[in-house]
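dropping a prediction and its sequence here:
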Amino acid sequence: MLRIALHLMAHLAWTLTALILLVVALASLANAAPLPAAIVTQDRAVLRATPRDSGQEQAVLWQGETVEIRGERLDYLQIYDHRRERAGFVRASQVRRVELNPEAAPELLSVVRFLRDTAGNEALGIAFAAAYIEAAPADVLGGPEGIDALDALGTLADRLARRASSGVPRTKAASEALAAHLESAARYGVNFASYEREGRMVICYDGEAHRRVLAMRSSAEQRARAALALTRPECFDPELQPLERHRSDVWRAEVLDRVDASGLSGYLKNRIAMARAGVWSSLAYQRVRVGESATAAAQRALAELATIDKSQLTDQDLPAYNDAAMRVGASRWGAAPAAAPPTRNPQIVATRGQPGETCVELIEIRGESRTQLAKRCTYGIVWTNSATLNREGNALALAVQPMEGWREIWLLRKDAGTWTIRVLPPTAANPNLGYIEFAGWVPGGKELLVAREARGEGKYKRSFDVVSLDTLGTERQASDPRDLSAFKRWQDPTWKRDTVSIR
């Protein structure tokens with residue numbers, strides 16, 4: 001036992017000595033002067049074994065990478081790359097020396113402000129923003145300069161993610177550079193997530209800098225930029241379950257409502273309104289999914305869309321404006337009042353099917369008897385207040401929304417004494433974003449007026465069609481309803497009053 005006790009005491013004494021030495025070493029490192037550093041400013045900067053163009057190539061450096069300076073020879077700097085664990089020489093003109101001390105912070109911030117508006121230099125701007133955050137004192141980081149740096153960091157990271165997701169064809173060299181820029185940004189703690197959309201990957205910044213900007217005493221424009229970046233509709237996880245997606249939409253709405261848009265410039269005010277319209281239309285859909293009323297959310301979406309000043313829309317905002325209108329159009333029946341009790345046969349009744357399923361029944365009521373004429377079930381939202389029967393009583397149109405940004409017409413048609421239910425989608429392309437809606441019946445029981453607006457496979461189209469009830473084919477079409485005589489004569493007044501397709 002004594003031998004064991006002596007062995008334990010000796011072991012504890014050695015451990016204590018090791019801890020003391022470790023503390024002393026850490027203290028000496030903390031008090032040591034920071035090593036000189038440099039940021040690579042050009043892509044494909046070659047790290048060579050000797051300070052000559054003929055020197056053996058050790059590695060290829062990319063814009064935004066940080067290296068340690070260990071000396072200088074001729075027009076080369078002797079550096080050490082800690083990521084690759086390689087030493088060598090790089091041309092002095094391909095890097096910029098930086099000092100990470102409070103005195104150098106203002107100059108670093110000036111470079112960040114310049115690079116924030118320079119497309120293609122996002123990785124370099126992120127590197128200088130990280131250097132500024134390292135150099136600036138804590139009290140400065142909490143003030144306007146620090147907020148400006150975080151705003152720039154978020155803007156650069158978001159623009160880099162958008163550039164990576166643009167889908168523009170690139171050469172092999174351009175793709176290699178873009179991948180290197182994303183990797184360089186990630187080394188500074190800038191994190192990205194990727195999601196599959198329409199058969200391609202969408203890269204999204206996780207928004208950490210934007211969240212910090214919102215939590216600080218930032219300006220209205222800074223808050224607007226942060227909120228817009230954090231609520232991008234293409235940057236939510238498509239695998240979220242309905243309840244999780246509902247909570248996500250609630251959070252997005254709260255973020256956008258924290259922005260005071262009254263003092264913003266016209267184009268920024270429009271962007272906030274477009275984002276709010278899209279989020280509230282999504283909330284209308286999600287609230288119905290969880291058994292709540294969609295009325296307030298759908299009305300808010302319509303109100304936000306109505307505040308958009310089309311004269312203040314930039315060229316790059318037009319697609320976003322159309323997308324916001326399609327999202328609002330898909331859920332707009334949530335803002336409509338409940339339908340009055342039907343007075344004619346046949347009638348629509350919605351019943352529960354399997355868990356999460358709604359079944360549409362077409363019934364005929366004669367006294368106490370009820371006859372089922374047709375039935376079809378769906379996991380989408382059935383807007384029963386949209387049901388409309390034509391004058392001849394041989395066709396009925398019903399709005400059904402299977403996805404939050406996609407609404408179809410279910411056309412119930414009587415042919416040879418038998419009722420059938422057929423689906424009329426916004427477009428034949430893969431479902432993405434869009435709606436089709438009833439716009440009027442043409443007398444005679446042979447034709448239907450519809451308005452379509454959709455984006456699928458990268459293409460956007462809005463049209464007003466005269467559709468055959470027999471084939472569901474388009475017989476006449478125009479981009480403006482005033483160009484079709486059938487619309488001039490037979491369009492439904494309620495549709496004309498409530499639709500967002502005429503804007």
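In hand now; what should we look at?

given the strand or helix carrying I203, what are its sheet partners and their directions?
According to DSSP states H and E, I203 maps onto strand 200-205. Sheet pairing here is set by DSSP bridges, and for strand 200-205 it gives strand 192-197 (antiparallel).

returning to that earlier point: relative to the whole chain's centre, how far out is the strand holding I203?
9 Å (CA atoms, centre = their mean, to the nearest Å).

what's the following helix or strand after that strand?
That would be, after strand 200-205 and using DSSP H and E, helix 208-215.

pull out the buried positions in the very next helix or strand once past that next one.
Using DSSP H and E, the helix or strand that follows helix 208-215 in sequence is helix 220-230. Under the neighbour-count criterion of 16 or more other CB atoms under 10 Å, helix 220-230 has A220, Q222, R223, A224, R225, A226, A227, L228, A229, L230 buried. For glycine as for every other residue, the C-beta is placed from the backbone atoms N, C-alpha and C.

if I look at the second one, how far off is G367?
If I follow you right, that is Q222. 68 Å (CB to CB, to the nearest Å).

same check on the fifth one?
With distances taken as CB to CB, R225 is found 65 Å from G367.

likewise the first one?
When distance is defined by CB to CB, A220 is 65 Å away from G367.

what of Q78?
Plainly put, Q78 is 98 Å away from G367 if you go by CB to CB.

can you list contacts of the helix or strand harbouring S184?
Assigned by DSSP H and E, S184 falls within helix 172-186. Residues outside helix 172-186 that contact it (CB atoms under 8 Å, 6 or more residues apart in numbering) are 43-44, 62-65, 122-123, 126-127, 157, 160, 163-164, 170, 192, 203.

among the residues you listed, name the buried ones.
For the contacts of helix 172-186, a neighbour count by 16+ other CB under 10 Å gives the buried set as 43, 62-65, 122-123, 126-127, 157, 160, 163-164, 192, 203.

wouldn't I502 be in contact with S479 here?
No. If you go by CB atoms under 8 Å, I502 and S479 don't touch, sitting 11.5 Å apart.

neighbour count: these two, which is higher?
Ranked by neighbour count (other CB atoms under 10 Å), I502 and S479 place I502 first, with 15 against 9.

got a list of what the more buried one touches?
I502 neighbours (CB under 8 Å, 6+ apart): A451, P481, K496.

swap the cut-off to 6 Å and go again
Listed by CB atoms under 6 Å, 6 or more residues apart in numbering, the contact set of I502 is empty.

for it, grab phi and psi.
Torsion angles at I502 (phi, psi; degrees, to the nearest 10) stand at phi -100, psi 100.

same thing with D315?
Per degrees, to the nearest 10, the backbone of D315 is at phi -60, psi -40.

near it, how many other residues are there?
With other CB under 10 Å as criterion, D315 counts 6.

and it, how far is that from G434?
D315 sits 22 Å away from G434, taking CB to CB as the criterion.

kindly report the same for L160.
Separation of L160 from G434 (CB to CB): 30 Å.

between the buried residues of helix 220-230, which is closest to D465?
Among the buried residues of helix 220-230, L228 lies closest to D465 (CB to CB), at 34.5 Å.

for that closest one, give me its contacts.
L228 makes contacts with R271, A275, as judged by CB under 6 Å, 6+ apart.

quick check: it vs L362, distance?
From L228 across to L362, the span is 45 Å (CB to CB).

can you check V60 too?
V60 is 68 Å from L362, where distance means CB to CB.

in the protein, what helix or strand scores lowest on average pLDDT?
helix 2-31 (a mean of 36; mean pLDDT, DSSP states H and E).

V60 and L362: which is more packed in?
Legend: neighbour count by other CB under 10 Å for V60 and L362, higher for L362 (24 against 13).

now the more buried one, what's its secondary structure?
Applying DSSP: H, G, I helix; E, B strand; the rest coil to L362 yields a three-state assignment of strand.

so it touches V349, yeah?
No. When contacts are counted by CB atoms under 6 Å, L362 is not listed as touching V349 (8.0 Å).

does L47 belong to a helix, a strand or coil?
strand.

I'd like to know how far it sits from G71.
14 Å.

now swap in R407 and tell me
Between R407 and G71 the computed distance is 67 Å (CB to CB).

which one of these two has more residues nearby?
R407 (27 against 12).

and that one, how far is that from G456?
Distance, R407 to G456, by CB to CB: 14 Å.

and if you look at P51?
Distance, P51 to G456, using CB to CB: 57 Å.

with V467 instead?
Counting by CB to CB, the gap from V467 to G456 is 18 Å.

looking at these two, which one has more neighbours?
More crowded of V467 and G456, by other CB under 10 Å: V467, with 23 against 19.

can you tell me which residues contact that one?
Residues in contact with V467 (CB under 6 Å, 6+ apart) are L448, V450, T474.

among those, which one sits closest to E134?
E134 lies nearest to V450 out of those, by CB to CB, at 59.3 Å.

got the phi/psi numbers for the closest one?
For V450, the backbone dihedrals (degrees, to the nearest 10) come out as phi -140, psi 160.

next one: Q58
Residue torsions, per degrees, to the nearest 10, at Q58 are phi -90, psi -40.

what is the neighbour count of it?
18.

do the same with D139
D139 is flanked by 8 other residues according to other CB under 10 Å.

quick one: distance of the helix or strand where it lies to the chain centre.
According to DSSP H and E, D139 maps onto helix 138-141. Relative to its chain's centre, helix 138-141 lies at 31 Å (CA atoms, centre = their mean).

which residues touch that helix?
G146.

after it, next one along is what?
Going down the chain from helix 138-141, the next helix or strand is helix 144-165, by DSSP H and E.

buried residues in that following helix?
Result for helix 144-165 [16+ other CB under 10 Å]: buried residues 146-165.

what is the mean pLDDT for that helix?
Here helix 144-165 scores 96 as its mean pLDDT.

give me the helices and strands touching it, please.
Helix 144-165 is packed against helix 105-116, helix 122-135, strand 200-205, helix 208-215, with contacts defined by 3 or more CB pairs under 6 Å, 6 or more residues apart in numbering; DSSP states H and E.

would you reformat these as CSV and include mean pLDDT and distance to A303?
Output for these, formatted as CSV (pLDDT from 0 to 100; distance: least, CB to CB, whole Å):
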stretch, mean pLDDT, distance to A303
helix 105-116, 96, 33
helix 122-135, 96, 36
strand 200-205, 91, 28
helix 208-215, 96, 24
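
relative to A275, which of the ones you listed is closest?
Counting by CB to CB, A275 lies closest to helix 208-215 out of these; the figure is 13.3 Å.
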